[in-house]
Every structure is written in C-alpha cells, then in structure tokens.
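Peer 1: Here is a sequence with its predicted model. Questions after.
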Amino acid sequence: MAYEVAAKAAVGAPDVLGDCPFTQRVLLTLEEKKVPHKVHLINLSEKPQWFLEVNPEGKVPVVKFDDKWVSDSDVLVGILEEKHPEPSLAPPPEFASVGSKIFGAFFKFLRSKDPSDGSEQALLDELKALDEHLKTHGPYIAGEKITSVDLSLAPKLYHLDVALGHFKKWTVPASLTHFHKYKELLFSRESFQKTRPTKEHVIAGWEPKKRYSLSYRQESKTLGRLFLLQHKDSLEWRVNFAATCAAELHSLLTQRKQQLAKEDLRHRMLPTMLLIDQSGSASSEE
C-alpha cells in the first residue's frame, strides 16, 4: 500500500511539485528506499479543507501512517527508517550534524543588503568546512554510501545554487573541488532528478522572502513572518532559524545602539557648536 504524502505545490502552479526542500528530503527518502507513495500537492496560499482537518497546523510535508497524518521531516525520515530499514540510510552518529549550519548561513546571506555584515564569509566558512570533511570522508558524508544526511543536504544545496545565482549572481568558489563533486553526485541521482523542483519554481518560492525590506523597523516585524512564509517543519530548521534570528537581532541592536550613540553625541555637542558658531559670527562682524 502506498503512503500518502502532502507536499507543497509550486508558487503559481498548483499542479506542479513545489520548492520546499524539507518535502523533497522526505520524497528522496521514499525514492531511495523504493517505497511506493502518492503525492497530494497543496497550494499553501489556499489550503484545502481536508488538509486542514487532518493537519490543523497546515505544515508540509506530512505523511499518512496507519490512518494518522504525521508532520516534521526529521520525524518522518526516522519513521521511514524504522519501518523500512533496507537499504539503511542511517548515518554514523559522529557525522549526523555535518553541514547542518549551511542552510541558515545561506538564508542570512541571501537576505543581506550589507556587504560588510559578514554573512557571505559565514557561508563560505560553512562550505569550506564541508569541503574539508568530504576531502577526508567523501565522496558522500559518510563515505561511499549515501545516508539521510546527504538527502537532507541535497535540496538545500540546490536552493543555495539557484537562489544565490539568481538574486546575488553568486556562485560557490571553484576552489572547493570536493564540494562541487559532491553536489554533482547528489544532483545526478535518479531520486533527485525525480523529486527536484524547477529552478523557476525555486526562484518564485524565494521571491517573497527576498523582497522584505531590511530597514530596522520592518526587520523587527518580519523575522517571525519569515518563519511562517518558509513553511519549515524540522527541528533542524527551527534551531538554524533561531540562531539566524539571534544573529540578526544582535546585529540590528548593535546598529541601533551606534545610531543612538551618534545622536546622543550630536545633542551633547550642540551647545558647544552653537557657542563656536556665535563666537565666529561676532568675530567676523568686528
């Protein structure tokens, strides 16, 4: 019997699989394990009533197990591994978190308007760390055998490639040769080809998030909204998003403090400036 999977539909194309990397992760797991499944595409801007009845939070992906719909891609992958242990996709515990900070760093850099805020370098540092890991342990995260860590990273690296290339004209340095070989290895797998969204739909999915103004006032109001817009469900995403928000808030508060300090300095200097101005005016009149 095939599992039922509720997945995000593409923005502007409700009959086409959408751009959610967490949904693709679950679909990749099903494909790699050769588990039959049926996909229900959900237009997240107009969620059908049946979907909200079985999944009141309205999140994707969700999978139906024994008449119960279950959400959270981390949970779903764990259940699938337990119910279908062959082929095993379980990673060695020491490699379970490899590359886990890349998506959060990508998200921050994508939205950044300040070239000097360190977001680009933070992403490069994470990519270099992955490249070094692959140099020692590749071609996949845990060697010759693909694991759930690879299936989690693959959609995120695809989004990174497409979104940064489109919105920032930015590409991963060619010097990270092990990273590029890894990416090509992932993207060429049959499971990835069958489940990947088009580049156009990835761009359309990120467009509303990229458009947000980065002004201090609007930034403080939109951090929470971005979480809802992204429709993310996994614990990994929540941890990364919380870290990103904390870093963003720290940066914003620092900028605001600097701005207030400058304003305070101007106010304190004003009487002195007026005296100097008055003194200069009197001298010139004489």
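Peer 2: On my side now, so go ahead.
Peer 1: in the host helix or strand of L41, what counts as buried?
Peer 2: L41 belongs to strand 37-42 when assigned by DSSP states H and E. By neighbour count, and taking 16 or more other Cβ atoms under 10 Å as the criterion, the buried residues in strand 37-42 are H37, V39, L41, I42. No exception for glycine: its C-beta is placed from N, CA and C like everyone else's.
Peer 1: Tell me where the protein has strands.
Peer 2: 3-10, 13-17, 37-42, 62-65, 68-71 (DSSP state E).
Peer 1: Turn the ones you listed into TSV, columns for mean pLDDT and distance to L249.
Peer 2: Formatted as TSV, those follow (pLDDT from 0 to 100; distance: least, Cβ to Cβ, whole Å):
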stretch	mean pLDDT	distance to L249
strand 3-10	98	28
strand 13-17	96	34
strand 37-42	98	32
strand 62-65	98	31
strand 68-71	96	27
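Peer 1: which regions of the stretch 1-150 of the chain lie under the pLDDT threshold?
Peer 2: Low-confidence segments of the stretch 1-150 of the chain (pLDDT under 70): none present.
Peer 1: Surely L76 and K64 touch.
Peer 2: No - assessed by Cβ atoms under 8 Å, L76 is found out of contact with K64, at 10.7 Å.
Peer 1: who's more crowded, the two?
Peer 2: Higher neighbour count among L76 and K64: L76, with 25 against 18, using other Cβ atoms under 10 Å.
Peer 1: Run through the residues that contact that one.
Peer 2: Contacts here follow Cβ atoms under 8 Å, 6 or more residues apart in numbering; on that basis L76 touches V26, T29, P61, V62, V63, V70.
Peer 1: Out of these, flag the one nearest to G205.
Peer 2: Nearest to G205, judged by Cβ to Cβ, of these is P61 at 14.6 Å.
Peer 1: ok, and the closest non-adjacent residue to that closest one?
Peer 2: Distances taken as Cβ to Cβ, 6 or more residues apart in numbering put T23 closest to P61, at 4.1 Å, once the chain neighbours are dropped.
Peer 1: Count the residues that sit near that neighbour.
Peer 2: As a burial measure, T23 scores 27 neighbours (other Cβ under 10 Å).
Peer 1: how much space between it and L110?
Peer 2: According to Cβ to Cβ, to the nearest Å, T23 stands 20 Å off from L110.
Peer 1: what's the answer for A13, then?
Peer 2: Taking Cβ to Cβ, one finds A13 at 22 Å from L110.
Peer 1: So between the two, which is more surrounded?
Peer 2: Legend: neighbour count by other Cβ under 10 Å for A13 and L110, higher for L110 (20 against 16).
Peer 1: That one touches W206, doesn't it?
Peer 2: Yes - with contact defined as Cβ under 8 Å, L110 counts as touching W206 (7.1 Å).
Peer 1: My guess is W206 contacts Y158. True?
Peer 2: No - the pair W206 / Y158 is not scored as a contact, 11.9 Å apart, by Cβ under 8 Å.
Peer 1: For stretch 180-190, C-alpha coordinates in PDB please.
Peer 2: Extracted C-alpha coordinates of stretch 180-190, given in PDB (Å, rounded to 0.1, in the frame of the first residue of the first chain):
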ATOM      1  CA  HIS A 180      31.400  20.600  -6.300                       C
ATOM      2  CA  LYS A 181      32.000  16.900  -6.900                       C
ATOM      3  CA  TYR A 182      29.700  16.100  -4.000                       C
ATOM      4  CA  LYS A 183      27.000  18.400  -5.400                       C
ATOM      5  CA  GLU A 184      27.100  16.900  -8.800                       C
ATOM      6  CA  LEU A 185      27.000  13.400  -7.300                       C
ATOM      7  CA  LEU A 186      23.800  14.300  -5.400                       C
ATOM      8  CA  PHE A 187      22.100  16.100  -8.200                       C
ATOM      9  CA  SER A 188      22.700  13.400 -10.700                       C
ATOM     10  CA  ARG A 189      21.000  10.700  -8.700                       C
ATOM     11  CA  GLU A 190      17.700   9.400 -10.100                       C
END
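Peer 1: what residues does stretch 139-157 touch?
Peer 2: Contacts for stretch 139-157 (Cβ under 8 Å, 6+ apart): 21-22, 24-25, 28-29, 32, 73, 77, 81, 89-92, 95-96, 98-99, 102-103, 106, 133-134, 137, 181-183, 185-187, 189, 192, 196, 236.
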